[in-house]
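S.K.: Structure here, sequence nowhere to be found:
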């Protein structure tokens, strides 16, 4: 149960042909493939960037807020500080 077999794939293909038409399916597949390739390259680029720039231990690099009384001015975009 839960596996997709040949009859289910044929049914999905028939529904796609009825919805989009036989002429639009290659364009739809091409666009989906391009989007997936771009997404994969962006994710790989993020992984490469993370590996190249390890956090330095500063509060902003680790995502922690500066301690109270620190010499850093408050962030004007931080709405919680108001």
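M.R.: Perfect, I can see it now. Predicted model only: the values in this text are computed from it and were never measured.
S.K.: The helix or strand containing residue 18 packs against which elements?
M.R.: Secondary structure assignment for residue 18, by DSSP states H and E: helix 6-20. The helices and strands touching helix 6-20, judged by 3 or more CB pairs under 8 Å, 6 or more residues apart in numbering; DSSP states H and E, are helix 25-52. For glycine as for every other residue, the C-beta is placed from the backbone atoms N, C-alpha and C.
S.K.: Run the angle between the helix holding residue 18 and helix 25-52 for me.
M.R.: For helix 6-20 against helix 25-52, the angle by axes from the mean of the first three to the mean of the last three CA atoms, to 10 degrees is 110 degrees.
S.K.: tell me which residues in helix 6-20 are buried?
M.R.: For helix 6-20, a neighbour-count test (16 or more other CB atoms under 10 Å) marks nothing as buried.
S.K.: what's next to it, contact-wise?
M.R.: The contact list for helix 6-20, computed with CB atoms under 8 Å, 6 or more residues apart in numbering, reads 25, 28.
S.K.: I'd like the average pLDDT over that helix.
M.R.: Helix 6-20 carries an average pLDDT of 92.
S.K.: just stretch 37-45 next, same as before
M.R.: 93.
S.K.: and it, which residues are buried?
M.R.: Buried residues in stretch 37-45, counted by 16+ other CB under 10 Å: none are found.
S.K.: what sits up against stretch 21-32?
M.R.: 16, 17, 20.
S.K.: What's the separation between residue 5 and residue 29?
M.R.: Distance of residue 5 to residue 29, computed by CB to CB, to the nearest Å: 21 Å.
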